[in-house]
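Engineer: return atomic coordinates for the entry below.
(2 chains)
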Amino acid sequence: MAKRIAIVEDEAAIRNNYAAAFKREGYAVDEYEARAPALDAFEVRLPDLVVIDVNLKDDVEGGFELCRELRARSADLPIIFLTARDSEFDAVSGLRLGADDYLTKDISLPHLMARVAALFRRLQAMQQPQAAASRITRGDLTIDTERMSVHWQEQPVGLTLTEFWLVHALARYPGHVKNRQQLMDAAQAVLDDNTITSHVKRIRRKFNTIDTGFDCIETVYGMGYRWLSD
Amino acid sequence: MNLKRQLLLVSLLTLMLPWAGCEIIRETETALRSGQQQFLAGTASALANALTQYQAQFPVPPDAPVTNDQVYIHTLAARPVIDGYFDDWLLPEDSLRALRGTEGLTHFIFGADRQAIYLYVDVEDDSVVYAGAEPAVLDAGSRYADRINLISSSPPAQRKSFVFATAAPGRLLSYQRDERGFEPVPAIEAYWQDYPGGYRLEARIPRAILGSHLGLSVINTSSASDPGTRSSSFQGRAPGPRVEQSPIINRVAAELVQPNMRLLVTDAAGWRIASAGNLGAGSRSAGDPGFVRRIYDLIVEPGKEAAFADPDPLGREQQPYISAALQGREMAAWFRSEASGMAIVAVAAPIVVADAAIGAVVLQQGTDAVLSLTNQGLARLVNVTLLTTLLVAAVLLGYATWLSRRIRRLSQAAEAALESENLQSALPSALADDELGDLSRSFTYVLQQLGEYNAYLRTLASKLSHELRTPLAIVTSSLENLEHEPLNEASLGYTERAREGADRLRRILAAMSEASRVEELMANAEPENFDLRSVLAATTRAYRDVYADREFAFVSELSRADLSGSPELLIQMLDKLVDNAVDFSAPGDVIMIGLALVEDRLEISVTNPGPPLPEHMRTQLFDSMVSMRSGENTRHLGLGLYVARLIAEGHGGKIRAENIDGGVCFTVAIPTGEPATAQARDA
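Structural biologist: Sure, this is the predicted structure:
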């Protein structure tokens, strides 16, 4: 049975385009242009993945509200923010509400498809027993490429999809410098320098909450970043 | 010329005050003087009228024009001793009349009291030839001597001649000469006195033996055999009429004259026949001209020298105003003495009898009263003027200082506000009620407008990029969907081109939102302590890979440069500067990245060879959406250097651009030890 994807987006043109793309990939798509009709529909049945715009017409932060209510209802429903608001503050807010990814509308459709596919894959992997083959271990770091999860000193690190791909790209070949372009390609996104810097900072902070002595991601000034292994 | 000088110059206008004051004093003086003149003229006319009744006392003017034949008999105040000395005549030396003689000048004078006529003669003669003891041989043709003849006549009566000659200095006996020979005249008292180079004769002749005409002849001989040369007080044979002061008119004049006034009465020929009164001394002691007095002398109309107002020593008044009076016209004159400060107003009025002037009344008065009045006024004027000028100058100077300080403060505040693009407090004088206040308010308004405009410009890019993002997303997602539709060759080409365009548009939007992103980052950045030198060195190495066709050199004398801030942002700033340097240099050029410690600031510099910056762009260069690139290069929106500036300022630093020899140098000066967040802008 086809996965159901709900798109909550006030801009009809974009909504239709995304819907067309998802349908082409074989997903079933429900389109909503505001929070209220979406919520009404979700009362009846939850979709398998939700793509939400933050700004819903007059409902300036309607996307955030919707996200909160959905997360209250289901802990593992994948939620993707897709918005024109590119400020760091909005991204942090969205992710803090439990969204799995925060994407700006710059993202290309193939990249979006890849992310959606990855999220479904992770959801599926979660429901199956852990496969040892898909695990990469670098010192205290353990990466499960199937479930797209990261553990540091046996504790889970809650990374978004983009963050996961960045850590994965860095840790796969420790000591190798990855420049920004390489990291962008790995994260399936077109990001500018500052966004990468922000992402790396956020990743470091997430590791730091587990281990204050974490310093495995080194900045190579003028070049990029690399993973330092013990 | 600054405002202070201008106003000082204006204050010089107060020097008009003394000029005006001088004019007033001159006017006052003239008015007072003319008043005095009128008063004197009135008095003189009255006197002249009164004197007409003494017509008999005036000598009848001779038919012939006045000649020097006439002899003036001075009225003597005291009876002189007949001893050959002139001093006891109590007359000035210049009262003596001069005759030209063969061996020098002869001076003589006649004086009179009630009973007698006095004669004093001074003859310059190197060799005095004395007479023999016998008077008979005085002029007998056999023996001659130096002698003086006194000739008297009362026409038509026969003339008389008295001969004064002597055998030796001392008292002498004179002789009357007539047809019978020489007759001694014992009534005549005479004294002969020699001195080196001449002799003097003083004589007293009773009035009774003299006639109405009087003359003098001096005969000088060189030896006893020389008949001698004659020089006379008259021409021709007969002597001229004698002129004497009239005792009656003198008495009348003495009664009429007022204090500090001098009254002279002349006959028709100008001979003084009466005088009375004194002018008094000048108000100023000689030798102490005084400052105020000197100014006075400068501004008051100069008169003739006061000495000219004095009675003529020879007895005949010839001043033009008196001559005019003698011709029937009343006239005034004005005299002044530099030395004594004496000023004299003089008026001459004719004494008219039967339509002819028989004489003139001359009335003179010292104008000390006028003088002292105007003098005081002048002194006050000078003081007040001086004080006023000083005061006005001081006030104007103070005012100018205050004014220029206000203007300066206003301009400095405006400049400061313009520079910081931040109008934090009201400009000076904003509440003032004058034009400066208006100016200040206009400035405030302009600066506010400018600030709003700048703020608008600053946010324009990010707003624009935000607003354009959704339509761009529509375009790109539509294009991406289109790729999955069956398209022919041509359509594929078009979609490909459309994608490229959309992609470029996306990059432009990213650049436009970069500035706000940087601001955001800076607000959230936690400052790290790091070694700027090693960061810059590493980054320089990285640039060599990125820009293969440029050379990069890192120059620094520092071995370490500790800084607190965000290395990523500083590198981003350096990226912008290097990107700029690469754009404006040619392949193969060396781009220098330098780090130096200047005072307490770390200065990062990026220098590239290339064309200089246009001078007018130097300050705007770091503003949002200002680009000096020509229109072809659409990649640049003039945001790169603005981002660099944001990062520099976020670290409490300053960015500047300079033209150096054959290139351009961008410098970022960052104070050390200051945490970057302290200067970070609000999110």
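
Engineer: pretty sure residue B:427 is in a helix, no?
Structural biologist: No: Residue B:427: not assigned to a helix; according to DSSP: H, G, I helix; E, B strand; the rest coil it is coil.

Engineer: can you get me a residue count around it?
Structural biologist: Residue B:427 has 22 neighbouring residues, counting by other C-beta atoms under 10 Å in any protein chain shown. Yep, even glycine has a C-beta here, placed from its N, CA and C like the rest.

Engineer: on the pLDDT front, check it for me.
Structural biologist: pLDDT, residue B:427: 75.

Engineer: what's near enough to touch it?
Structural biologist: By C-beta atoms under 8 Å, 6 or more residues apart in numbering or on different chains, the residues touching residue B:427 are B:410, B:413-414, B:417, B:440, B:443-444, B:447.

Engineer: how close does residue B:566 sit to chain A?
Structural biologist: Counting by C-beta to the nearest C-beta, to the nearest Å, the separation of residue B:566 from chain A is 9 Å.

Engineer: can you classify the nearest residue to residue B:240 once chain neighbours are set aside by secondary structure?
Structural biologist: With C-beta to C-beta, 6 or more residues apart in numbering or on different chains as the criterion, residue B:240 has its nearest non-adjacent residue at 2.7 Å, and that residue is residue B:69. Secondary structure for residue B:69, judged by three-state DSSP, is coil.

Engineer: repeat for residue A:103
Structural biologist: Here residue A:103 is recorded as strand under three-state DSSP.

Engineer: residues in contact with it?
Structural biologist: Neighbouring residues of residue A:103 by C-beta under 8 Å, 6+ apart: A:80-83, A:112, A:115, A:189.

Engineer: got the domain boundaries for the chain?
Structural biologist: Here I'm looking at chain A. Per the record, chain A has its domains at A:4-126, A:132-227, by automatic domain parsing.

Engineer: my bad, the chain I had in mind was chain B
Structural biologist: Split by automatic domain parsing, chain B gives B:16-58+B:246-375, B:71-244, B:421-520, B:525-679.

Engineer: which of the ones you listed sits closest to residue A:98?
Structural biologist: Relative to residue A:98, the nearest member of these by C-beta to C-beta is domain B:421-520, separated by 22.9 Å.

Engineer: need the per-residue pLDDT for residue 6.
Structural biologist: Let's take chain A. For residue A:6, the predicted pLDDT is 94.

Engineer: ah, no, chain B please
Structural biologist: Looking at residue B:6, its pLDDT reads 80.

Engineer: what helix or strand is residue B:496 on?
Structural biologist: Secondary-structure assignment from DSSP states H and E places residue B:496 in helix B:489-524.

Engineer: do that helix and chain A meet?
Structural biologist: Yes: interface with chain A: helix B:489-524 contributes B:506, B:510, B:513-514, B:516-518, B:520-521, B:524 (C-beta under 8 Å from any C-beta of the partner chain).

Engineer: quick check: closest non-adjacent residue to whatever residue of chain A ends up closest to chain B.
Structural biologist: Using C-beta to the nearest C-beta, the single residue of chain A nearest to chain B is residue A:222, 2.9 Å away. Excluding its sequence neighbours, the residue lying closest to residue A:222 (C-beta to C-beta, 6+ apart) is residue B:542, at 2.9 Å.

Engineer: now tell me what touches the one helix or strand the one you found maps to from outside.
Structural biologist: Using DSSP H and E, residue B:542 sits in helix B:532-546. Helix B:532-546 is contacted by residues A:220-223, B:550-554, B:556, B:558-563, B:567, B:570-571, B:574, B:578, B:591, B:593, B:595, B:602, B:604 when judged by C-beta under 8 Å, 6+ apart.

Engineer: swap in stretch B:230-244?
Structural biologist: If you take C-beta under 8 Å, 6+ apart as the criterion, stretch B:230-244 is touched by B:59, B:62, B:67-73, B:75, B:97, B:99-102, B:106, B:108, B:110, B:112, B:151-153, B:155, B:159, B:212-220, B:267, B:269, B:271, B:273, B:315.

Engineer: restricted to strands, list the residues you listed.
Structural biologist: The strands, defined by DSSP state E, take in B:71-73, B:75, B:97, B:99-100, B:106, B:108, B:110, B:112, B:151-153, B:213-220, B:267, B:273 from the contacts of stretch B:230-244.

Engineer: lowest average pLDDT across the domains of chain A?
Structural biologist: Among the domains of chain A, domain A:132-227 scores lowest, with a mean of 85.

Engineer: so how far is that one off the chain centroid?
Structural biologist: Remark: domain A:132-227 is offset 13 Å from the chain centroid, using C-alpha atoms, centre = their mean, to the nearest Å.

Engineer: kindly report the same for stretch B:605-621.
Structural biologist: 55 Å.

Engineer: contact residues of chain B facing chain A?
Structural biologist: Contacts of chain B with chain A, taken as C-beta under 8 Å from any C-beta, map to B:466, B:469-470, B:472-474, B:476-478, B:480-481, B:484, B:506, B:510, B:513-514, B:516-518, B:520-521, B:524, B:535, B:538-543, B:567-568, B:571-572, B:575, B:683.

Engineer: what is the burial count for residue 4?
Structural biologist: Chain wasn't specified; assuming chain A. By the criterion of other C-beta under 10 Å, residue A:4 has 16 neighbours.

Engineer: let me rephrase: I mean chain B.
Structural biologist: 16.

Engineer: going by secondary structure, residue B:193 is in what exactly?
Structural biologist: Per DSSP H and E, residue B:193 falls inside strand B:181-195.

Engineer: just to revisit the earlier point, so which of the contacts of residue A:103 are in helices?
Structural biologist: Judged by DSSP state H, helices contain the following of the contacts of residue A:103: A:112, A:115.

Engineer: contacting chain B as well, which ones from the contacts of residue A:103?
Structural biologist: Checked against chain B using C-beta under 8 Å from any C-beta, the contacts of residue A:103 yield no neighbours at all.

Engineer: dump the contacts of residue A:103 to a markdown table, plus neighbour count.
Structural biologist: Shown next, in a markdown table, are these (neighbours: other C-beta atoms under 10 Å in any protein chain shown):
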| residue | neighbour count |
| --- | --- |
| A:80 | 25 |
| A:81 | 25 |
| A:82 | 23 |
| A:83 | 23 |
| A:112 | 24 |
| A:115 | 24 |
| A:189 | 25 |
